[in-house]
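*Asks:* The amino acid sequence is not available; the structure is as follows:
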Ligand code: ASP
Ligand code: MG
């Protein structure tokens, strides 16, 4: 892809935690960066994550001292992981005879909102990057961190370095953003579950976003949102593979790619699984929409993220409402429902909790126009004897909630049905 870039168009390369995990890998990354920089003479920006494991260690270290540390203070500790990676990779680049320009968020002006531990980027000043390009330096930027309007350090949420990299690529109008990681691209399913899972060559932003949100860990969801908004191709590839044709390009039909790539409107691009699903069933609710509105407003006030919803108003004089939340939101959800119960109208409310459910989803842009996808999905699951508790669909996705332990088999059945071979 590099040889097809127009002269002077910058590229952003991000290296993840495993790619800078030890001394030898850092040296290999520096060699790759130096080789590409010298061969193509392009303005290049490098974004790094903390070395794998460092962020977890920093969290543990902080909470050993105070388990209730404010997110404000904790972000300061967390941001240190990326600072170290910037220094180590810069040292390795110097050894290659390259002039690095090591940069933390405050030097670059990566401005975020005030939400410590899950801040969103508001703006990036590219003046400093332009200056480094003029001085023939390679900026090496700390991912994951930003500064808010008080100049305090913020972090973007776990896995947020992807978002730093794509945000920089958007601000620079880069040719593309390369996400270098320890796998060859985005797989059509978890290869540990589906042996025949393959690397997806081109993936629509919408599908990549669904897959990222459904728990496929390769890309931070917000990075895909940004890529889509600014139409910057995101290339996911293996840091240490020389085979340039094996990778996933995340783009849309309208993305200006330096080389025309057909975005295949595959009916189903991937199958994903989420094993942390909890279903809450609320019985004896008053039979009106005010009741539903009230329940969800209290849940949202408790920051609970609701997923699949079903409701049944055909029984008796009451309403039954079921919805799923992720395991990590369960306590908050139950706390919220306790608050609701205090209200007189909800005194008969009965809450049933069903844990350990699993959600299996198929995703693909081709679903927009294809017919028979739902029928094939349910027939495939029926053939494997899998019961479905709940179903939710969008234009490009069908999700089924299934029993504990059945999700992996469901993944295999659906992959075989839609992506055989
Ligand atoms: N170091 C941060 C994390 O582990 C950010 C990243 O790696 O993307 O979440
Ligand atoms: Mg990551």
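*Replies:* Structure received. Everything quoted here is computed from the prediction, not taken from an experiment. Numbering: from 1, shown residues only. Ligands and ions are numbered 1, 2, ... in the order given.

*Asks:* Pull the contacting residues for the nearest residue to residue 185 once chain neighbours are set aside.
*Replies:* Counting by C-beta to C-beta, 6 or more residues apart in numbering, residue 185 lies nearest to residue 248, which is 3.5 Å off, once chain neighbours are set aside. From N, CA and C alone the C-beta is placed, and that goes for glycine too. When contacts are counted by C-beta atoms under 8 Å, 6 or more residues apart in numbering, residue 248 touches 185-186, 199-203, 235-237.

*Asks:* quick one: residue 204 from residue 317, how far?
*Replies:* Residue 204 sits 46 Å away from residue 317, going by C-beta to C-beta, to the nearest Å.

*Asks:* Pick out whichever of the two has more residues nearby.
*Replies:* residue 204 (25 against 8; other C-beta atoms under 10 Å).

*Asks:* Not counting sequence-adjacent ones, nearest residue to the more buried one?
*Replies:* Residue 204 sits nearest to residue 365 (C-beta to C-beta, 6+ apart), 4.5 Å away.

*Asks:* where are the low-confidence patches of the chain?
*Replies:* 256-265 (pLDDT under 70).

*Asks:* Tell me which residue lies nearest the centroid of it.
*Replies:* residue 220 (2.5 Å; C-alpha atoms, centre = their mean).

*Asks:* Quick check: that one touching residue 212?
*Replies:* Yes: between residue 220 and residue 212 a contact is recorded at 6.9 Å, counting by C-beta atoms under 8 Å.

*Asks:* ok, and what's touching the helix ranked longest in the chain?
*Replies:* Ranked by residue count under DSSP state H, the longest helix found in the chain is helix 71-95. Applying C-beta under 8 Å, 6+ apart, the contact partners of helix 71-95 are 15, 20, 26-27, 29-30, 33-34, 46, 48-51, 54-55, 58-59, 61-62, 99-100, 102-105, 116-117, 138, 140-145, 152-155, 161.

*Asks:* if we can go back for a sec, distance to ligand 1 and neighbour count added to the contacts of residue 248, as JSON lines?
*Replies:* Shown next, in JSON lines, are the contacts of residue 248 (distance: C-beta to the nearest ligand atom, whole Å; neighbours: other C-beta atoms under 10 Å):
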{"residue": "185", "distance to ligand 1": "17", "neighbour count": "22"}
{"residue": "186", "distance to ligand 1": "16", "neighbour count": "26"}
{"residue": "199", "distance to ligand 1": "21", "neighbour count": "17"}
{"residue": "200", "distance to ligand 1": "21", "neighbour count": "25"}
{"residue": "201", "distance to ligand 1": "24", "neighbour count": "17"}
{"residue": "202", "distance to ligand 1": "24", "neighbour count": "20"}
{"residue": "203", "distance to ligand 1": "20", "neighbour count": "30"}
{"residue": "235", "distance to ligand 1": "17", "neighbour count": "20"}
{"residue": "236", "distance to ligand 1": "13", "neighbour count": "25"}
{"residue": "237", "distance to ligand 1": "16", "neighbour count": "23"}
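
*Asks:* In CSV, list these along with secondary structure.
*Replies:* As requested, the contacts of residue 248 are exported to CSV (DSSP: H, G, I helix; E, B strand; the rest coil):
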residue, secondary structure
185, coil
186, coil
199, strand
200, coil
201, coil
202, strand
203, strand
235, strand
236, strand
237, strand
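
*Asks:* which residues touch the residue of the stretch 201-350 of the chain found nearest ligand 1?
*Replies:* For the stretch 201-350 of the chain, the residue closest to ligand 1 is residue 220, as judged by C-beta to the nearest ligand atom, at 6.6 Å. By C-beta under 8 Å, 6+ apart, the contact list for residue 220 reads 156-157, 159-163, 212.
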